[in-house]
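Engineer: take a look and give me a structure for this.
(4 chains)
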Number of protein chains: 2
Amino acid sequence: MDAKNPVRTTEKTLTLIEELMTKEPCGVSELANDLEMGKSAVHNHLNTLRTHGYVLKEGDVYRLGLKFLEVGGHSRKSMEIYQIAEPEVKSLAAETGELANLLVEEQGMGVYLMRAKGDEAVDLDTHAGLRTSLHTTALGKAILANLSEERVETILDRHGLERKTSRTVGTREELFDVLAEIRERGYAVDDGERLEGLRCVASAITSSSGEVLGAISVSAPANRVSDEALHGALPERVLSAANVIELNINY
Amino acid sequence: MDAKNPVRTTEKTLTLIEELMTKEPCGVSELANDLEMGKSAVHNHLNTLRTHGYVLKEGDVYRLGLKFLEVGGHSRKSMEIYQIAEPEVKSLAAETGELANLLVEEQGMGVYLMRAKGDEAVDLDTHAGLRTSLHTTALGKAILANLSEERVETILDRHGLERKTSRTVGTREELFDVLAEIRERGYAVDDGERLEGLRCVASAITSSSGEVLGAISVSAPANRVSDEALHGALPERVLSAANVIELNINY
DNA sequence: GCAATCTGTTCTCTATACCGGAACGTTTAT
DNA sequence: ATAAACGTTCCGGTATAGAGAACAGATTGC
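Structural biologist: Now for the predicted structure:
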């Protein structure tokens, strides 16, 4: 939903920020061309952002500053789910030796709040703050399974059902079947749907009132996760960690 | 240095963001009062930010969204120093069992890029993105010691010499003495200057051309760091980790 | 070595759009 | 019931954003 009276100047600033994020260091003229803005406008916006620490100038090129990390880090730190889940996700990674993740939903997308690597963990490109479609990961599906069907429809309307690999769930019907299955057994599984050869087990974290707060997962290469483990020891661990988090959140 | 032709509308947006960071969830009227803006202006700005994911509305209150974490996470991930130092900082934490940190300088301030906790680590409030005066931490002093005297003066002119505890270095002269000492022995020490009872050892990370890229440290409670360790085993570990990082950066 | 063409920055002027203030519909408190 | 808050919408006067031109400096091509 768009704002009724959008502040166009602010939107230009935000467009500039997003362009800087994808292009990284670049100059005024390049940005002006790409965004079809005048050079003076780009220059004024960049320098306004610069005096506030959001943008840095190195020689003749501009790039994003760490102010965004400051604001983002502050937001994350103030989230109860992060404060409580953080040590548990780390334990989960240490105990399994694999990669553990914490995801929350925001505006219909999944946002990774953190990841923790065990000794043997694969190195995925999931850094804190990264966004992902909910239907493409076990984490996201664990969350979707705990939302109302109506809510899920709304999310799908907004973000669609983009495919990541040939195994990604392709239709709404298929997705709802998967979600029902997840609700039944209590955890979600990703068997190479997001990345070939990667297996992943996730569980939602819910408040005492049944509201979803987020999800945690363990990801490991298929050759280290037997079929038995995928539906036995691994989900047991993940569910246990989720349980501890839920207990701590509800005091 | 202020921009020549600042974009005032953008500045209002940024002010709003910073107010939201300190106040957390709050409504339109409260923000309008605090910032001496009209309600409609605040409303328009908030909703513009909202359609771009930077702000969320929960009921009748607004708060910052995780978009900032996305942008910040992206910036951090694209920094060479982070990519290379990350595993080493984690090792440092694991081996010492204490808290290890990575700091870089930006606009005369120190910015924590990450922290890693060992098994016994104290839990400080140093989260990723947090800013700190350079002269108040061992990390910052390790960086200052590798900057030109001129650069250091400029930074002090901009940010002053705020005291954190009674032990914080209080005058420029004192600071320059400390920095000379750091250059001589190769590492910086903080013995309760930032926080009573906390000892900290840090080393700068420099490129092959001698430019400072950042600094790493280990922090531990005084009762676990003997006077010998503070100038023996601990700096040895930190320096060794810094060395590995420097080697990896210069291929 | 000179001209041509980049670059980022500064300046001016006006069409634009930001936003104060008033009105609206709800919700909460008295 | 009444009042006082809230968030949201609307409108119109006016501050200002930004196109375009001109600038200085760097780099290029011939």
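Engineer: burial count for the closest residue to DNA strand C within the stretch 151-251 of chain A?
Structural biologist: Ranked by CB to the nearest atom of the strand, the top residue of the stretch 151-251 of chain A for proximity to DNA strand C is A:Ser209, at 18.0 Å. C-beta here means a position set from N, CA and C on the backbone, and glycine is covered the same way. Neighbour count for A:Ser209, taken as other CB atoms under 10 Å in any protein chain shown: 6.
Engineer: again with the one 5 residues further on
Structural biologist: Applying other CB under 10 Å, we find 23 other residues in the vicinity of A:Gly214.
Engineer: DNA strand C contacts on chain A?
Structural biologist: A:5-9, A:27-30, A:39-40, A:43-44, A:46-47, A:57, A:60-61 (CB under 7 Å from any atom of the strand).
Engineer: whichever of these end up buried, select them in ChimeraX.
Structural biologist: Of those, the buried ones go into a single ChimeraX selection, burial set by 16 or more other CB atoms under 10 Å in any protein chain shown:
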select /A:7,9,28,43,44,46,47
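Engineer: intersect the residues of chain A next to DNA strand C with the contacts of DNA strand D.
Structural biologist: A:Asn5, A:Arg8, A:Thr9, A:Lys39, A:Ser40, A:Asn44.
Engineer: these into CSV, with extra columns for distance to B:Ala220?
Structural biologist: Converted to CSV, these look like this (distance: CB to CB, whole Å):
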residue, distance to B:Ala220
A:Asn5, 54
A:Arg8, 52
A:Thr9, 49
A:Lys39, 52
A:Ser40, 53
A:Asn44, 48
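Engineer: for these, which one is nearest chain B?
Structural biologist: The nearest member of those to chain B, counting by CB to the nearest CB, is A:Thr9 at 3.8 Å.
Engineer: just the element for that closest one, please.
Structural biologist: Using DSSP states H and E, A:Thr9 sits in helix A:8-23.
Engineer: which strands and helices sit next to that helix?
Structural biologist: Packing partners of helix A:8-23 (3 or more CB pairs under 8 Å, 6 or more residues apart in numbering or on different chains; DSSP states H and E): helix A:28-35, helix A:39-51, strand A:61-64, helix B:8-23, helix B:39-51, helix B:67-77.
Engineer: deepest-packed of the ones you listed, please.
Structural biologist: Mean neighbours per residue, mean count of other CB atoms under 10 Å in any protein chain shown, is largest over these for helix B:67-77, with a mean of 25.
Engineer: could you give the angle of that one to helix B:8-23?
Structural biologist: 100 degrees (axes from the mean of the first three to the mean of the last three CA atoms, to 10 degrees).
Engineer: packing partners of the following helix or strand past helix B:67-77?
Structural biologist: Proceeding N to C from helix B:67-77, the next assigned helix or strand is helix B:80-96, under DSSP H and E. Applying 3+ CB pairs under 8 Å, 6+ apart, one finds that helix B:80-96 contacts strand B:99-106, strand B:109-117, strand B:212-221, helix B:233-249.
Engineer: show residues contacting the second one.
Structural biologist: With contact meaning CB atoms under 8 Å, 6 or more residues apart in numbering or on different chains, strand B:109-117 is reached by A:66, A:69-70, A:90, B:76, B:79, B:81-82, B:85-86, B:89-90, B:92-94, B:99-105, B:123-124, B:126-134, B:137, B:139-140, B:143, B:159, B:214.
Engineer: that strand pairs with which strands, parallel or anti?
Structural biologist: strand B:99-106 (antiparallel), strand B:131-133 (antiparallel) (DSSP bridges).
Engineer: closest one to B:Ser240 among those?
Structural biologist: Checking the strands paired with strand B:109-117 against B:Ser240 by CB to CB gives strand B:99-106 as the closest, at 12.7 Å.
Engineer: residues in contact with the closest residue to A:Ser91 other than its chain neighbours?
Structural biologist: Nearest residue to A:Ser91, sequence neighbours excluded (CB to CB, 6 or more residues apart in numbering or on different chains): A:Ala241, at 7.0 Å. Counting by CB under 8 Å, 6+ apart, A:Ala241 touches A:Glu88, A:Val89, A:Ser91, A:Leu92, A:Ser203, A:Ile216.
Engineer: farthest pair in those residues?
Structural biologist: A:Ser91 and A:Ser203 (14.5 Å).
Engineer: between the two, which is the more surrounded one?
Structural biologist: Using other CB under 10 Å as the criterion, A:Ser91 and A:Ser203 rank with A:Ser203 on top: 27 against 16.
Engineer: centroid residue for chain A?
Structural biologist: A:Val111 (2.3 Å; CA atoms, centre = their mean).
Engineer: find me the pLDDT at that residue, would you?
Structural biologist: Confidence at A:Val111, expressed as pLDDT, is 97.
Engineer: excluding its backbone neighbours, what's nearest it?
Structural biologist: B:Leu66 (4.7 Å).
Engineer: do you know how far that neighbour is from DNA strand C?
Structural biologist: With distances taken as CB to the nearest atom of the strand, to the nearest Å, B:Leu66 is found 25 Å from DNA strand C.
Engineer: quick one, what contacts that residue?
Structural biologist: By CB under 8 Å, 6+ apart, the contact list for B:Leu66 reads A:Gly72, A:Ser75, A:Arg76, A:Val104, A:Glu106, A:Val111, A:Leu113, A:Gly129, B:Gly53.
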